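Student: Have a look at this prediction, sequence included:
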Amino acid sequence: MKDVNILDSIIKIATLVFAIFTTCIVAVLNRRNMRFESFEKMNRFKMDKQLEAGMAFWGLLSYATEVENENAILIWKREKGSNETQWFFRKKQANEFISKLNEVNYEKGHGFFLSADTRQHFYNYRSKLYGLCLVEKSNSNELIPLKEGMATELRRLYGEMNNALRKELEPEKHPNGKEKLRDSSKKKTG
């Protein structure tokens, strides 16, 4: 009878140890899974914010493009039969761009989610516009003629903004086959 009680006690202890061990393993696996899910949620949040920021900055490009629209800062005209293009600057739209850039970048916080390099292209464009607005402060004309060099510079800066933003938002492939936005926090700033 004593052997049966000892055997019964050993079985109960082994069952208890196995239950505790199993519970610990399940707890460790659940914790690891929860950490992975938290990481995935944070990564998804960051990607969503980067995309939102990119779209907000993309909207600013409508001011800088040379394709005529109601926001376009640069307007070009060509006399019939001439190959020479005259570029004009619209001060009202330039001031709107400067204001909207501040709103998108700082007030709405989208600048936080783009790389310093991408933001710097927008700042460079803003600086040129600000200089033009100061020089032409007293000029009330809607279209202000630009020197060819300045028009070329503004068009070049537009191309840089456009390319930087496209590169920033371009998905990159990972070895696991998933795509994600580039991690702007890892980019060198200069």
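Tutor: Happy to help now that I have it.
Student: show me where pLDDT drops low in this structure?
Tutor: 1-4, 172-190 (pLDDT under 70).
Student: for it, what spans make up the helices?
Tutor: For the chain, helices defined by DSSP state H occupy the ranges 2-64, 91-102, 116-135, 148-169.
Student: Among those helices, which comes closest to Lys108?
Tutor: helix 2-64 (6.6 Å; Cβ to Cβ). Heads up, the C-betas are built off the backbone N, CA and C, glycines and all.
Student: What is the closest one packed up against?
Tutor: helix 91-102, helix 116-135, helix 148-169, strand 179-181 (3 or more Cβ pairs under 8 Å, 6 or more residues apart in numbering; DSSP states H and E).
Student: ok so, going back, would TSV of the helices of the chain with mean neighbour count be doable?
Tutor: TSV is the format used below for the helices of the chain (neighbours: other Cβ atoms under 10 Å):
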stretch	mean neighbour count
helix 2-64	12
helix 91-102	17
helix 116-135	17
helix 148-169	16
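Student: Which one, of those, ends up nearest to Lys80?
Tutor: Nearest of the helices of the chain to Lys80, taken as Cβ to Cβ: helix 148-169 at 19.8 Å.
Student: Ok, which of the helices and strands packed on helix 2-64 comes nearest Phe36?
Tutor: Taking Cβ to Cβ as the criterion, strand 179-181 is the member of the helices and strands packed on helix 2-64 that comes nearest to Phe36, at 15.5 Å.
Student: domains of the protein?
Tutor: Here the chain is described, according to automatic domain parsing, as comprising the domains 1-32, 40-186.
Student: Run the chain-centre distance for the shortest one.
Tutor: Think domain 1-32. Between the centre of domain 1-32 and the centre of its chain there are 53 Å (Cα atoms, centre = their mean, to the nearest Å).
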